[in-house]
Each structure stands twice: as structure tokens, then as C-alpha cells.
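Asks: sequence below, structure please.
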Amino acid sequence: MMGNGRILVVGGPIEQMIDPVLKLVPTGNGRLATLIADEFEFNGFDVTRWGNFSGAETLMFEELQNRCRQKLNFDVIIFLAHLPNILISPLSDKIRSENDWASLGVEKAPKLVQLIKLHSPKAVLVPFKLIDQDVDRIEVIKWMLKLKVGWTVYLRLGLKGRFWLTDALGNETEVERSKLAALLAKTIERQMKVRRRSSKWQGVETPQVEYLEALVDFSRKMQPGFSQLIERNVASGRWPGNFSFRCTHSFLSKREKDGFMITRRNVAKNGMKEEDFVLVAGELKDDHLVFWGDRKSKPSTDAPVHRIIYQRLPWVKYIVHGHMFADRDRVVGDDWLDLWPCGAENEGEDVVRVAPKDKQSLWVVNVTGHGFVALIGDEDPRDALNELSKLKFTIDK
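Replies: The predicted model follows:
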């Protein structure tokens, strides 16, 4: 038995009434939704079923749409419903009367997964997506990032019985239909252990970053290698990773005990400016991460990971993270850490567990499926950054 959690499975063909006797029914039989719901129940989860499959509360499209517009009290929502691409305005009378045909109003169907993310943002949403055979997986990842989901299952038209479970970093597992439910349950069971922190803005603060030029220079040196990853995964045109340092290494009007500066989300690291950093408090406030900076510039998603490392390893002065893996070297730890979703405090705890407890000029560890984490203990990071840039990196692990 894996453990408990509230799971909503939405599946099967979702019908729409057109007139009192006629329905619009998408293709599908709901058998996969049944397999998934049964597997989660077998593993001890509290499962609710909506849609048109075994044991589910039957919902028409309009009913399901209304529920998606409400806050849903579930930990995880697995959405594999077969939905109509168009909606036909329902009629109170039959389409065809004795002497005439009624005119039909047709419109594009709303995207219910978008409604779920809007009204139930704290639930872990795992949508299914059907794509053409020639669609690149990059398009799936872009869709996930736009929707802000951490996991999705996709399948390709014409390839029966093959599915791909993928995360927003592009790590994916190809799986047979018969094994998909078990893989999903195992993945979600681990997801339930994830500890995240939402962030709250506290005010404006623009630091003067002492070694900004060195950080930018390092980023430029790394850019050619990281461009391989950008081409392979998401063509975002930015350096995938983040920098941070204790706030004692900048000049601030506000002094935050044990605080640190970290790059804001989605900033191009090869042309950083001081306003691209935000100040994050070392202590939580009402269980939230609190930060200062431009109100629209949230700290990097990995800020909770950095906070844990600074809090528990006093010798660490700088942290560099990149979405590549460092080859074996004297400064690279032997351990490969397990993958957690981006921003999970669990990753920070794993780094602390294997990291040296005494000061190191440079120490690096690889996180499977996420990249390297480099810890720098020197007050002046320039020598360590230069050494880090000379390591060999790969995009495969």
C-alpha cells in the first residue's frame, strides 16, 4: 500500500445534449480511466470518478464544465476525458420538427484543463494529450509550460497501446498501456511527498551585486553547451538554470538575516542586470517564501531548494544550478541524487545529505533528470566559477 491522498479521475466520452433526444458523443470507451482509477484504489488512495466509465458519476459536458469552474478539493486530478472539439447550442425542442429543421449554433469547445488550473491551482493536474505522429515532443513540453503542469501523458495518433509519461523538464518514460496505471500511481505517490513553497512579495529592493560581472562571464562561457539543451527541449532562448548567493555579498538597504539573492524566473543569464536578482528571506513567513524586488519578478522556481541549502550548510556562499550534468571530476560528488519536481524542498535536503559539512571552494553534485548543483564556499567566487566552467558537461542522464 502506497499511502493516502484524494485523487480525481475524469475519463470516458463526455456527452453533450443537443436536443431532448439527440446527443453528441465523442469516441472512446473509458476502459483506460477504469484501469487507472482501480489501480489508485488498490494502492490505498481515496478515488473519485467523474465521466463515463465504470463506477463513475456520469456527467454531461455542461455539468463537467460547471464543476471545473469551481475550486476542486483534490490533491491530484487525472484528466483523460474524451471531449467534443465543438459545442452545439442545445435546443429545447427537437432539431427536426414535423415541417422544418432548426438551425444549430456551433462554437469552439472551452479547454477544461485550463479552467481546472485557473480555479484549482494547488491541485496536481495530470492531463492526457493526443498528438499527431509527426508532432515533436518539444511542442508537448511547451504546452505543459504554458498550462503550468508538471506531468502529462501523451499518445500519438495511430500508435495504439503506447504512451509517454513526461515532466516539464523533458524527462519521459515510454510505457505500454497495461503498465501505465501502475507507473502513474508510483509517480503520484512520490509527488505526494513533495514539499513546495509559494512566494509572497514584500516590497521593492534592487541590490548592487558585487560579483555580477563574474556571474555573467561564467554564463557566457557556458552558453554554447547549454544551447544544445535549449534546441533539444524548449527553444526558450535563455540559460536554463539559476544563480544565488547570500545577501552579505551585495549591498542592500534592507538586511535580512540568513537571506539570499537569487535570479528571478525566466531571466536571460548571459546579460543579467542587478534588477534581475530578488532578495529572499531565510525564514518562512506564514509558511510562505517571502521576497523583495520587482513585484512582477518572482524568484526562481528553485528558490526553496536554495533556501534549504543556505540554511543547513553555513559554509556555502554561492549556488549555481544548470540543466546539464557534470562528468566525474575531483570536485564532483559520486552520488547521483533522485529527481524531484522543480522547486521541491526535498531536492535541497538531498543535496545537504550528501554535501561536505566543511568548507569547499567548489563542490558539485548531479541530480538525475534535473542537472548539476554547484556549491561555492569562497567569499570571492571568481576562481570557483572559472574552474566550474572548465568541467566537462553532458545533457544525457
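Asks: for M261, which non-adjacent residue is spatially closest?
Replies: On the basis of CB to CB, 6 or more residues apart in numbering, the spatially nearest residue to M261 that is not a chain neighbour turns out to be F277, at 4.5 Å. In this view, the C-beta of every residue, glycine as well, is placed from N, C-alpha and C.
Asks: also A37?
Replies: V9 (4.4 Å).
Asks: re the thing from before, partner residues bridging the residue nearest to M261?
Replies: Listed by DSSP bridges, the beta-bridge partners for F277 are T263.
Asks: local confidence estimate at it?
Replies: According to the per-residue confidence, F277 scores 86 in pLDDT.
Asks: thinking again about what came up before, name the next helix or strand downstream of the host helix or strand of the residue nearest to A37, please.
Replies: Assessed by DSSP states H and E, V9 sits inside strand 6-13. Using DSSP H and E, the next helix or strand after strand 6-13 towards the C-terminus is strand 16-17.
Asks: tell me the strands beside that following strand, with direction?
Replies: Partner strands and pairing direction for strand 16-17 (DSSP bridges) are strand 23-24 (antiparallel).
Asks: tell me what angle the helix or strand that comes right after the partner strand forms with strand 6-13.
Replies: For strand 23-24, the succeeding helix or strand toward the C-terminus, using DSSP H and E, is helix 31-42. Here helix 31-42 runs at an angle of 160 degrees relative to strand 6-13 (axes from the mean of the first three to the mean of the last three CA atoms, to 10 degrees).
Asks: and the angle from the helix or strand just after helix 31-42 to helix 31-42?
Replies: Along the chain past helix 31-42, the next helix or strand (assigned with DSSP H and E) turns out to be strand 46-51. Counting by the same axes, to 10 degrees, strand 46-51 points 160 degrees away from the direction of helix 31-42.
Asks: parallel or antiparallel, list what pairs with strand 46-51.
Replies: In its sheet, and by DSSP bridges, strand 46-51 pairs with strand 6-13 (parallel), strand 57-58 (parallel).
Asks: enumerate the positions of the helix or strand following the shortest one that are buried.
Replies: Going down the chain from strand 57-58, the next helix or strand is helix 61-68, by DSSP H and E. Under the neighbour-count criterion of 16 or more other CB atoms under 10 Å, helix 61-68 has F61, L64, Q65, R67, C68 buried.
Asks: which one of those residues is nearest to D329?
Replies: Of all those, D329 sits closest to C68, with 50.0 Å by CB to CB.
Asks: would you mind measuring from the closest residue to that closest one other than its chain neighbours to G28?
Replies: In space, C68 comes closest to L115 once its chain neighbours are excluded; the distance is 4.0 Å by CB to CB, 6+ apart. Computed as CB to CB, to the nearest Å, the L115 to G28 distance reads 20 Å.
Asks: burial check on the residue nearest to C68, number of neighbours?
Replies: By other CB atoms under 10 Å, the residues close to L115 number 18.
Asks: for the stretch 101-250 of the chain, which segments count as strands?
Replies: Across the stretch 101-250 of the chain, reading from the start of the chain, the strands by DSSP state E, counting those that start in this stretch fall at 106-108, 124-131, 151-156, 162-167, 172-176, 199-203, 208-209, 241-246, 250-251.
Asks: closest one to S297 among those strands?
Replies: Proximity to S297 (CB to CB) singles out strand 199-203 among the strands of the stretch 101-250 of the chain, at 9.0 Å.
Asks: can you list the strands that that closest one pairs with?
Replies: Sheet partners assigned to strand 199-203 using DSSP bridges are listed as strand 289-292 (parallel).
Asks: residues contacting the partner strand, please?
Replies: For strand 289-292, the surrounding residues in contact (CB atoms under 8 Å, 6 or more residues apart in numbering) are 197-205, 254, 256, 278-281, 284, 298-299, 303-304, 307.
Asks: 10 Å instead?
Replies: Strand 289-292 is contacted by residues 196-207, 252-254, 256, 259, 261-262, 264, 278-284, 297-299, 303-304, 307, 343 when judged by CB atoms under 10 Å, 6 or more residues apart in numbering.
Asks: next secondary structure element downstream of it?
Replies: Using DSSP H and E, the helix or strand that follows strand 289-292 in sequence is helix 303-312.
Asks: can you spell out which helices and strands pack onto that following helix?
Replies: Counting contacts by 3 or more CB pairs under 10 Å, 6 or more residues apart in numbering; DSSP states H and E, helix 303-312 is packed against strand 241-246, strand 260-263, strand 277-280, strand 289-292, strand 318-322, helix 345-354, strand 371-376.
Asks: now for the residue sitting nearest the centre point of the chain: which residues touch it?
Replies: Most central in the chain under CA atoms, centre = their mean is G150, positioned 3.1 Å from the mean C-alpha point. With contacts defined as CB under 10 Å, 6+ apart, the neighbours of G150 are 124-126, 144, 166-169, 191, 194, 341-344.
Asks: can we see that at 8 Å?
Replies: Each residue near G150 by CB under 8 Å, 6+ apart is listed here: V124, M144, D167, A168, Q191, P341, C342.
Asks: with L385 instead?
Replies: L385 sits next to A214, L215, D217, F218, V320, I376 when contact means CB under 8 Å, 6+ apart.
Asks: now those in CSV, with neighbour count and distance to F74?
Replies: Rendered in CSV, the data for these read as follows (neighbours: other CB atoms under 10 Å; distance: CB to CB, whole Å):
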residue, neighbour count, distance to F74
A214, 18, 47
L215, 22, 42
D217, 16, 47
F218, 23, 43
V320, 26, 37
I376, 25, 42
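Asks: what about P20, neighbour count?
Replies: Number of residues near P20 (other CB under 10 Å) recorded here: 11.
Asks: show me where pLDDT drops low in the chain?
Replies: Residues of the chain that meet the criterion pLDDT under 70 lie in 1-3, 19, 86-107, 109, 223-240, 248-257, 268-271, 396-397.
Asks: let's see that with 80 instead.
Replies: 1-4, 17-24, 84-110, 205-209, 219-240, 247-258, 266-274, 395-397 (pLDDT under 80).
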